[in-house]
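[1] need a structure here:
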Amino acid sequence: MLRLLGILFTVLCAIAAAVLTFPGFFRVERMFPIAQIVSFRGLLALAFAVAAVLALLIAFAKPLRALALSLALLAGLAATANGVILVSRGLGVQELPAQTESSIRILTWNTAGPATSPDQIARLAVAMDADIVTLPETTIETGTSVAVAMRELGRPMWAHHAVDPSTEWDAGSTTLLISPDLGDYSVIESSADGTSNTSTVPSAVAMPVSGDGPIVVAAHAVAPRPAYMRDWRDDLQWLADQCADDNVIMAGDFNATVDHMSGLGVDGGDLGRCTDAAASTGSGAVGTWSSAYPALLGAPIDHVMASKRWVATGSVVVRSTDDSGSDHRPLVVQLEPVSP
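    This is a model prediction of the structure:
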């Protein structure tokens with residue numbers, strides 16, 4: 001009887017490990033509580049490794065040896081599989097490639113409202129030569145101050161925003177800065193008035209008024225808290241729908257990793273027709289939230305994504321700002337236009 005219970009327990013553990021390691025295969029990546037657990041794949045890999053070691057220690061007790069060795073093998077395989085996935089997405093790079101005449105750089109940073117000063121944002125954006133800056137949880141007043149500070153530092157920007165008055169605190173506002181070098185932009189009416197937008201925290205969709213620049217989406221999806229799971233899933237679908245054109249750049253706080261985007265891609269994209277830049281350039285496993293955690297144990301939920309007219313050539317998750325006040329790390333990506 002005890003042997004049968006041991007086999008049943010091992011089988012259940014194997015199923016749980018498989019579901020957590022390959023949630024997209026089982027189509028449970030956006031279900032509670034799996035969505036929350038798989039957000040921290042680095043922590044999950046570490047947990048499986050610790051479980052394997054503990055099981056090996058338990059194996060010294062002869063009555064439990066067979067069960068413990070089976071669990072050690074299972075946990076070891078799960079830790080290895082998660083580690084391979086992390087490495088394939090990229091453990092982080094230190095520098096962006098040299099800029100070219102046609103390259104553009106995008107900075108996204110959830111500033112946690114007043115926790116991050118306009119001067120901090122401006123100095124980082126200028127240091128990174130950012131052409132587009134998306135700032136979830138940032139009011140237009142703060143965004144305007146950032147634009148003014150950047151102008152004084154020699155890099156002028158136009159400030160745009162979207163706001164949801166029903167959402168308290170600065171989380172109800174998302175600001176977008178765009179360099180005049182990309183032409184004139186305007187936030188579309190449905191994005192500005194909220195008739196078509198993310199559910200709770202707003203996103204800003206800006207279209208070029210002049211020039212041939214890309215559609216720019218400053219994204220902010222609601223966090224997948226238990227009471228907001230449906231809204232969160234709807235937000236991800238809405239963001240995927242914004243990436244239907246071949247000339248879209250979308251950046252912000254998606255409150256989702258690439259695991260959660262399974263099944264939402266079109267024509268080879270990760271989300272709609274957009275591809276995740278960090279995952280394709282060696283930084284996809286670096287956690288952007290929370291900055292209180294070691295980077296490889298955090299959740300990579302902030303993204304820069306681009307559709308087919310753009311290719312990512314580099315990405316950096318900035319770790320020097322961990323004491324800035326925000327609980328997110330900035331992400332900077334360099335894109336090059338694809339020759340027609």
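[2] low pLDDT regions in the chain?
    Scanning the chain for pLDDT under 70 picks out 1-2, 340.
[3] which residues in it form strands?
    For the chain, the strands defined by DSSP state E cover 104-108, 132-136, 158-163, 173-178, 185-187, 204-208, 215-220, 248-253, 275-276, 302-306, 310-317, 331-337.
[4] Among those strands, which comes closest to A115?
    Among those, strand 132-136 comes nearest to A115, with 12.1 Å by CB to CB. Placement of C-beta: from N, CA and C, glycine included.
[5] elements contacting that closest one?
    Strand 132-136 sits against strand 104-108, helix 118-127, helix 140-152, strand 173-178, strand 215-220, strand 248-253, with contacts defined as 3 or more CB pairs under 8 Å, 6 or more residues apart in numbering; DSSP states H and E.
[6] export the strands of the chain to a markdown table and tack on distance to L54 and mean neighbour count?
    Output for the strands of the chain, formatted as a markdown table (distance: least, CB to CB, whole Å; neighbours: other CB atoms under 10 Å):
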| stretch | distance to L54 | mean neighbour count |
| --- | --- | --- |
| strand 104-108 | 39 | 25 |
| strand 132-136 | 39 | 31 |
| strand 158-163 | 49 | 22 |
| strand 173-178 | 44 | 29 |
| strand 185-187 | 53 | 19 |
| strand 204-208 | 48 | 22 |
| strand 215-220 | 40 | 27 |
| strand 248-253 | 36 | 28 |
| strand 275-276 | 34 | 24 |
| strand 302-306 | 33 | 29 |
| strand 310-317 | 31 | 22 |
| strand 331-337 | 35 | 24 |
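[7] can you tell me which of those strands comes nearest to P63?
    Taking CB to CB, strand 310-317 is the member of the strands of the chain nearest to P63, at 47.3 Å.
[8] okay, the closest one in PDB with CA atoms only?
    Provided in PDB are the C-alpha atoms of strand 310-317 (Å, rounded to 0.1, in the frame of the first residue of the first chain):
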ATOM      1  CA  TRP A 310      12.100  46.100 -37.200                       C
ATOM      2  CA  VAL A 311      14.700  43.700 -35.900                       C
ATOM      3  CA  ALA A 312      16.200  43.900 -32.500                       C
ATOM      4  CA  THR A 313      20.000  44.100 -32.400                       C
ATOM      5  CA  GLY A 314      20.500  44.500 -28.600                       C
ATOM      6  CA  SER A 315      18.900  44.900 -25.200                       C
ATOM      7  CA  VAL A 316      19.900  45.800 -21.700                       C
ATOM      8  CA  VAL A 317      18.100  45.500 -18.400                       C
END
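[9] residue contacts, A244?
    A244 makes contacts with V266, G272, R273, as judged by CB atoms under 8 Å, 6 or more residues apart in numbering.
[10] Restricted to buried residues, select the residues you listed in ChimeraX.
    Per 16 or more other CB atoms under 10 Å, the buried members of the contacts of A244 correspond to this ChimeraX selection:
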select :272,273
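[11] Tabulate the helices and strands packed on strand 132-136 (TSV), appending distance to G282.
    What follows is the helices and strands packed on strand 132-136, written out as TSV (distance: least, CB to CB, whole Å):
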stretch	distance to G282
strand 104-108	16
helix 118-127	21
helix 140-152	28
strand 173-178	26
strand 215-220	22
strand 248-253	18
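[12] Indicate which one of those is closest to Q242.
    Among the helices and strands packed on strand 132-136, the nearest to Q242 by CB to CB is strand 215-220 (5.1 Å).
[13] angle of the closest one against strand 104-108?
    Going by axes from the mean of the first three to the mean of the last three CA atoms, to 10 degrees, strand 215-220 is angled at 20 degrees with respect to strand 104-108.
[14] thinking again about what came up before, so for F48, which of the helices and strands packed on strand 132-136 sits nearest?
    strand 248-253 (27.7 Å).
[15] who's in contact with the closest one?
    Strand 248-253 has contacts (CB under 8 Å, 6+ apart) with 106, 108, 110, 132, 134, 136-137, 174, 203, 214-221, 239, 242-243, 271-274, 289, 301-307, 310, 328, 331, 333, 335.
[16] Identify the spatial nearest neighbour of S190, chain neighbours not counted.
    In space, and not counting its chain neighbours, S190 is closest to S196: 4.0 Å by CB to CB, 6 or more residues apart in numbering.
[17] on that earlier part again, between the helices and strands packed on strand 132-136, which gets nearest to R230?
    Evaluated over the helices and strands packed on strand 132-136, closeness to R230 peaks at strand 215-220, with 17.0 Å, by CB to CB.
[18] Return the alpha-carbon coordinates of the closest one using CSV.
    Provided in CSV are the C-alpha atoms of strand 215-220 (Å, rounded to 0.1, in the frame of the first residue of the first chain):
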residue,chain,number,x,y,z
ILE,A,215,2.9,53.1,-34.7
VAL,A,216,4.0,53.3,-31.1
VAL,A,217,2.1,51.7,-28.2
ALA,A,218,3.0,52.5,-24.6
ALA,A,219,1.6,49.4,-22.9
HIS,A,220,0.3,48.7,-19.4
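[19] Many thanks, have a good one.
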